[in-house]
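> whatever this is, show me its structure:
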Amino acid sequence: MNSKEFSSSPRLIRFLRYCVEQTHAGQLDSLKESVIGVNVFDRLPSYDPKADPIVRVHARRLREKLADFYDSEGSQDVVIRMPKGGYVARFEEAPARARTSQSAGAAIVARVFMDAPPSGARKKPSGKAWIIVPLCALAVAALAWLAMRPELAQPRVQPLVSLPGSVNDPAWSPDGKTIAFTWDGGTSRTSQVYLLKNGESVPTRLTAAEQPESRPVWSPDGGSVALLREGRERHFAIVLVNTASGAERVIRTVLQLSPMLIPPALDWSSNGEWLVSSEQPNEGTDPVHLLLISPKDGRSWVITDPPNGSTGDLEARFSPDSKRILFRRGGQGDLFMLSLNGTTATPPVPLTFQNAGVRGLSVSHDGQTIYFGSQRGQGQFGIWSLRKGEATPTLITPAGMAAVGPAIDPLGHRLAFAQPVVDVNLWLYDARRKTEARLLVPSTDAEYSPEFSPDGQQLAFISDRSGAAQIWISGLNGGQPRKITALRDGDLPMAPAWSPDGSKIAFFCRSRGLNYAYETDVATGVTRPLRGGEDYALFPQYSADGKSIYYVSNSGHRFRIWREPLAGGGTAVPAVMDEVRFFRISKDRRLLYFLRSDHPKRLVQMNLATKEEKTLWTFADSLAAFDAWDVSANRLFYVGVDPATSLAQLEVIDLNSGGRQVLGPLRRLSHEWQTSVAASPDGYSAIVTQVDSDNTRLLLLRPSR
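Below you'll find the model as predicted:
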């Protein structure tokens, strides 16, 4: 907000927007003081409003500033009130403008959404000025929604194509007669781009390349397809392919060393002048940013500057008029939008705020609706729509159906999307015996993120076999797995770590858009928060005495390893000053192992007592994922990717002799599931998270209009 009342109060802006959104959605339970303290003011889930009046204090300030704003310079089309005694927003039409408020509101919403900007809107605003537009649009949209929103019909879903294996990345041609997608051929471990015309059932392969391909997008005239082709060391070539002749032209190569296995963004503007992609500069020390690229000569311009300490900007789509770009910011991600002014861009505007994830996005041809994959309010991704005039997205795929990667056809009649059907399991490999790996705790649901107990006899892991992701434990030699947590639906636990005596398990959990470190008693299942909020608390692991935890945080906008006492109100201090996003603690708790962000191939060991560091190993191949390694008893277990074939395999390195042993190939890797590795305390075996099958398929639905 650029008004004098709000320009210096970002927390009040966040508070007001939250109250308006929840009122609009009818989520009155979310407007309780205890809930607001957690969601807006980043208090822990144990927040007690009686002991901390922060919500009431800011509510009084917000009411005062709203009154001052409308008394001085505020718009009089719609007035937002927050009556005393509660936090439900009230929208009132100003008497002098009652007959014109709907049309005025529509104009404001059009500006923030997809229509052409008004005269002068292309000037770059000051740092806070852009916030006022979506906020006003939200209030007006909420008022219109309360009066006019129709009921949505349950969509009918049907297969788009029936193919074995994994099918992803749907993209309609400009005339809607052909759809491009990626397919692994049913038996291959890599995906290539295929084309399928309406009425046909057998797709045609677009290129003859053997390297993995992803993110096909069409030129405005339908004569070419741009795609990403993965090469060595996470370098991706942007390739333009003529659909008639098959002729290819590489216009640029981008590097993306994101901790996630996500390919760069790619889209083609409707005016044909630009491609948008993403790149991570400086060998992984900076967040991923968006690039505007000329398809004629490959020249590029950086158009986003995500904050340090974030994953960055990972997916992007042009608006139909080519004047705006919608994109995902963050590893889990929220939806943002920017406006283009030549080769520069305005500061991005957030369109979603729950950090509930973005997995694929598409914009209708008339610019009225955004479709995107998200986990809003549920444990799995579904397809949501955000229409002009609405402030809260609507789930449009059937409840309980996993769905990502939407693509709306040019007429807005058919929405293609991918339904992930993935079998993820845990496998035990023994470096001493030339035997087949052993499947652990099998089920038809996902099992991942394994960790050995200190005595090596038990396994902690995460599974959604009970319907929601929870932490489980099981004996290595059989027995019934036991669930030890009771987290809420939609919470995402990750990276369990045992205490030295095996009585507790620490883990981090994404809850309501924020990351918290928790601790669960193995015997009783009692779970308590350790720390968290806007500053991350990732990969918590216990000290030798069990009285402190080490964790990764982006405090100060830089990922580092921190140590913090569990009791006594001690202060957290950095354990490592360099930027580090993931680490392991040795089984005896005396050493830290980590990869520095500026040297992602160099495994470093640090003595916790002396702070002495040394390089243990330099990887000659690529790690399959940031957490695809562990060290125990001077042995390094890791999943490497052969740069020539893009195939993954589990390897073990004797750090004393340098000897190398391949324990076995992995069937495939996944963009979403962790390829985590856990080494046993004796250093002779390891458990790996493996995608055993991926039968992701493309489906169609007809969105309600």
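
> following the host helix or strand of residue 517 in sequence, what is the next regular element?
Element membership for residue 517 (DSSP states H and E) is strand 514-521. The element immediately downstream of strand 514-521 (helix or strand, assigned by DSSP H and E) is strand 527-533.

> chain neighbours aside, what residue packs nearest to the residue positioned nearest the centre of the chain?
For the chain, the residue sitting closest to the mean C-alpha position, by C-alpha atoms, centre = their mean, is residue 332 at 2.0 Å. Closest residue in space to residue 332, ignoring its immediate chain neighbours: residue 357 at 4.8 Å, by C-beta to C-beta, 6 or more residues apart in numbering. Using the backbone N, CA and C atoms, a C-beta is placed for each residue, glycine as well.

> and residue 615, by the same measure?
Closest residue to residue 615 apart from its sequence neighbours, by C-beta to C-beta, 6+ apart: residue 602 at 5.4 Å.

> what pLDDT is listed against the one you found?
Residue 602 is assigned 88 on the pLDDT scale.

> who does it bridge with?
Taking DSSP bridges as the rule, residue 602 bridges to residue 618.

> and the gap between it and residue 653?
Distance from residue 602 to residue 653, counting by C-beta to C-beta, to the nearest Å: 14 Å.

> which residues do those two both contact?
With contacts defined as C-beta atoms under 8 Å, 6 or more residues apart in numbering, the residues shared by residue 602 and residue 653 are residue 617.

> between the two, which one's more packed in?
Each of residue 602 and residue 653 has its neighbours counted (other C-beta atoms under 10 Å); residue 653 has more, 21 against 14.

> apart from its neighbours in sequence, what residue is nearest that one?
In space, residue 653 is closest to residue 636, 4.3 Å off (C-beta to C-beta, 6+ apart).

> isn't the one you found up against residue 652?
Yes - contact status for residue 636 versus residue 652: in contact at 6.9 Å, counting by C-beta atoms under 8 Å.

> confidence score at the residue nearest to residue 332?
Confidence at residue 357, expressed as pLDDT, is 84.

> distance of it from residue 228?
21 Å.

> residue 58 - that's part of a helix, no?
Yes - assessed with DSSP: H, G, I helix; E, B strand; the rest coil, residue 58 lies in a helix.

> show the contacting residues for it.
Residue 58 is in contact with 11, 12, 15, 41, counting by C-beta under 8 Å, 6+ apart.

> domain parsing for this protein?
Listed domain ranges for the chain are 10-148, 422-694 (source: automatic domain parsing).

> let me have these in a markdown table, adding distance to residue 403 as columns.
Formatted as a markdown table, the domains of the chain follow (distance: least, C-beta to C-beta, whole Å):
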| stretch | distance to residue 403 |
| --- | --- |
| domain 10-148 | 21 |
| domain 422-694 | 13 |
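
> so of the ones you listed, which one's packed in deepest?
domain 422-694 (a mean of 18; mean count of other C-beta atoms under 10 Å).

> contacts only, for residue 309.
Per C-beta under 8 Å, 6+ apart, neighbours of residue 309: 287, 536, 554, 556, 557, 558, 559.

> what's the farthest-apart pair in those residues?
Within the contacts of residue 309, two members stand farthest from each other by C-beta to C-beta: 287 and 556, at 14.5 Å.

> name the element the closest residue to residue 629 other than its chain neighbours belongs to?
Of all residues not flanking residue 629 in the chain, residue 638 sits nearest, at 3.7 Å (C-beta to C-beta, 6+ apart). Element membership for residue 638, per DSSP H and E: strand 635-641.

> any idea how far that strand is from the chain center?
Strand 635-641 sits 25 Å away from the centroid of its parent chain (C-alpha atoms, centre = their mean, to the nearest Å).
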